[in-house]
Each structure stands twice: as structure tokens, then as C-alpha cells.
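In: Structure for the following, please:
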Amino acid sequence: MTTAAAKPATMAQALGRALRDAMAEDPTVHVMGEDVGTLGGVFRITDGLAKEFGEDRCTDTPLAEAGILGTAVGMAMYGLRPVVEMQFDAFAYPSFEQLVSHVSRWRNRTRGAMSLPITVRVPYGGGIGGVEHHSDSSEAYYVATPGLHVVTPATVEDAYGLLRAAIASDDPVVFMEPKRLYWSKSAWNPETPGEVEPIGRAVVRRTGRSATLLTYGPSLPVCLEAAEAARAEGWDLEVVDLRSLVPFDDETVCASVRRTGRAVVVHEATGFGGPGGEIAARVTERCFHHLEAPVLRVTGFDIPYPPPMLERHHLPGVDRILDAVARLQWEAEG
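Out: You can find the predicted model right below:
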């Protein structure tokens, strides 16, 4: 008798399953946020959790992000593992003071005696036609805050595995969820979800020899599409999915760049002050004698997120990525 093939699962379903499995295995895990209980969250990630585990463990909160995270700080101090949902990227800004002043500093403040095992889920990025405050790429703020881990999945499998790892971490994790990938699908089977990998490891999604595209989250599918389109130009592009911005996997990134001799960093966040500047600096410092051209960046423009009808011009696309690769070739040839 043959076993029926698993139905394709979405990233949203994988995130929901990760929360459910974590709550089932560890009674200290509590989910909290605006509309996470009865409604199941704006994107239905937490659908069914309140019914299964009760409203004490999947709790609807007031519309007060600073209060939500402040409450999570107290819960974590008393031995719980709160998982906080910020409804949209820019909605998280009122909680930033709590994150910087307390969550990120607690282990250092107590000289290692205590940590705050809090996971802050932040749906982020564009590509969904969202209005202002609904499409920000705010990862640079968190990356620049010592004491936080910053993680972002780009596949259904990683959505499950990285969220499980984040919840299990004894350090605070800002878990950035790319909204436009919530409905991406994979043959991932929730009944056999696979091993939970540790935070801090990048992965090569496509091997190549001409140049390395360094990316994460919502930009991974765009880079893979660009790599396929580049074949028509005779370019063989390697694509590295960073997955973790903090801690950063210098080993995997630099091994790739040393093989190809060229690199382009691609992300939706702004170029000035964005994560790409730090990534380019790290690659240049560690791979200088292997580089045949400067490390380039393809990013969102240095503006507040534009209205929905203009976002296709703002977000990095295949053409902009291929233009950057062409510049690498020109620079190398002199």
C-alpha cells in the first residue's frame, strides 16, 4: 500500500505548526499579541492556538505594543517563554524602547545571571500592496542593537525550523517574517518537519561560479529568478540565503565569495544604513584578495515606503540585480 503524498504547505501553516509544537512540548511557551487569540492573527498564523491551549497561553492584548513587550519582559523574568506577535513591521516601533533598554541588555545587565528568552515575531517587507506602516523593512534597527538575535526565513522548511530554534533560544530573538512569502508553498510535511537547525547558519541555495548573490527573506525568490535569467547572459550565479543576520555566518558567506570573486548584496531595506553596508564591509575585510570587483548592493531606495502602485519600482527586481552583475563584470574587466 502506498502512502499518499503530503499536500503542499504554506509558510503561514509552517509558522503556525511551529508555535503549536513549541507550546505542546513546553508549557512555559506563551503566545501573545493583538488579535492572536479569537481571530488567529491578521495572517491567521495563530489560528486554533487559543482553542487548543486556552486564552491564558494564547492571549489577545490591547493595542499597545510597548505594553505587550513590557509584559513579556516580566513574564520572561519569572521563567516563561513569551512569543510576541507585532501585527505589522512598523507597528512594532512603539515597543522599541523596551527592546533596546531592557530586552537586549538583560543578560549583560545581570552579568550573565539572567536572560530574557523572548521571541518577537515581526511580519515585514513589501510586495503585498500594503499602505504606510504595513510594508517596512525594519531589520537594520534590530541588527544594530547588541544583545538581539535577528532571524528571517525564506522557505517553508526554515519557517518551521528557525521559529522552533528561536523559541528554544535563551537569548531574545527578533523573528522577521516576510509577509509576501506567507503563501509560498512547499512539499514540507508537518508530520515529519525535520531537524531544527541552530540559529546562525547561512545556506547556499544555488551553486555558481560567476558571482555570489547574498540575500535573505523576501528577496531570495527574486535572486533565484535572477540567477536563472542570468544564464542567458552566460553568467552562473551562486545564491546564498543568509537566514540569520545576527549571528552572522561569515564562514559560509566568505567561502562562497572566495570561490566566485564577486558579490552582490540584495535586500528590500534602504541602501544607506541598511544591513547590506555591514555585509559588504565584512566581505571586503575578509575576502579582499579574492575580490575581482567591489561588492555591490541592490536595495530599496532611501525613501519612506512608497504607495502600493509604486512599490514595484522600489523593490529590488531581476533587472536591477542583473544590472549589478553586469557592473561586476565591467569592473573586473577594467
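
In: Low-confidence stretches in the protein?
Out: Residue ranges of the chain with pLDDT under 70: 1-6, 330-334.

In: again, only using 50
Out: 1-3 (pLDDT under 50).

In: Where do the helices of it begin and end?
Out: With DSSP state H as the criterion, the chain has helices at 11-25, 49-53, 65-77, 96-98, 106-109, 139-143, 156-168, 220-230, 250-260, 275-287, 311-314, 318-333.

In: Any chance of JSON lines for the ones you listed, columns distance to Glu177 and mean neighbour count?
Out: Just so you know, the C-beta spots here come from the backbone N, C-alpha and C atoms, and that holds for glycine as well. Listed next are the helices of the chain as JSON lines, based on distance: least, Cβ to Cβ, whole Å; neighbours: other Cβ atoms under 10 Å:
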{"stretch": "helix 11-25", "distance to Glu177": "7", "mean neighbour count": "22"}
{"stretch": "helix 49-53", "distance to Glu177": "16", "mean neighbour count": "17"}
{"stretch": "helix 65-77", "distance to Glu177": "16", "mean neighbour count": "19"}
{"stretch": "helix 96-98", "distance to Glu177": "18", "mean neighbour count": "17"}
{"stretch": "helix 106-109", "distance to Glu177": "24", "mean neighbour count": "15"}
{"stretch": "helix 139-143", "distance to Glu177": "11", "mean neighbour count": "22"}
{"stretch": "helix 156-168", "distance to Glu177": "7", "mean neighbour count": "24"}
{"stretch": "helix 220-230", "distance to Glu177": "13", "mean neighbour count": "21"}
{"stretch": "helix 250-260", "distance to Glu177": "22", "mean neighbour count": "18"}
{"stretch": "helix 275-287", "distance to Glu177": "16", "mean neighbour count": "18"}
{"stretch": "helix 311-314", "distance to Glu177": "18", "mean neighbour count": "14"}
{"stretch": "helix 318-333", "distance to Glu177": "23", "mean neighbour count": "16"}
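
In: wait, which of the ones you listed is closest to Arg243?
Out: Nearest to Arg243 among the helices of the chain is helix 156-168 (6.2 Å), distances taken as Cβ to Cβ.

In: Next, find the distance separating the closest residue to Ala72 other than its chain neighbours from Met75.
Out: The shortest distance from Ala72 to any non-neighbouring residue, by Cβ to Cβ, 6 or more residues apart in numbering, is to Pro82 (4.0 Å). As for Pro82, its distance to Met75 is 5 Å (criterion: Cβ to Cβ, to the nearest Å).

In: Kindly report the same for Ala229.
Out: 48 Å.

In: Please apply the same query to Leu224.
Out: To Met75, Leu224 is 39 Å away according to Cβ to Cβ.

In: hmm, back to that, intersection of neighbour lists for Pro82 and Met75?
Out: Common neighbours of Pro82 and Met75, counting by Cβ atoms under 8 Å, 6 or more residues apart in numbering, are His30.

In: show me what contacts the nearest residue to Arg297 once chain neighbours are set aside?
Out: Nearest non-adjacent residue to Arg297, counting by Cβ to Cβ, 6+ apart: Gly276, 4.2 Å away. Listed by Cβ under 8 Å, 6+ apart, the contact set of Gly276 reads 265-267, 269, 297, 299.

In: Number of residues surrounding the nearest residue to Val73 once chain neighbours are set aside?
Out: In space, and not counting its chain neighbours, Val73 is closest to His102: 5.3 Å by Cβ to Cβ, 6+ apart. By the criterion of other Cβ atoms under 10 Å, His102 has 21 neighbours.

In: I'd guessed His102 sits against Ala72; true?
Out: No: between His102 and Ala72 there is no contact under Cβ atoms under 8 Å: 10.0 Å.

In: so how far is Leu220 from Gly187?
Out: Actually, residue 187 is Ala. It isn't Gly. Distance from Ala187 to Leu220, by Cβ to Cβ: 18 Å.
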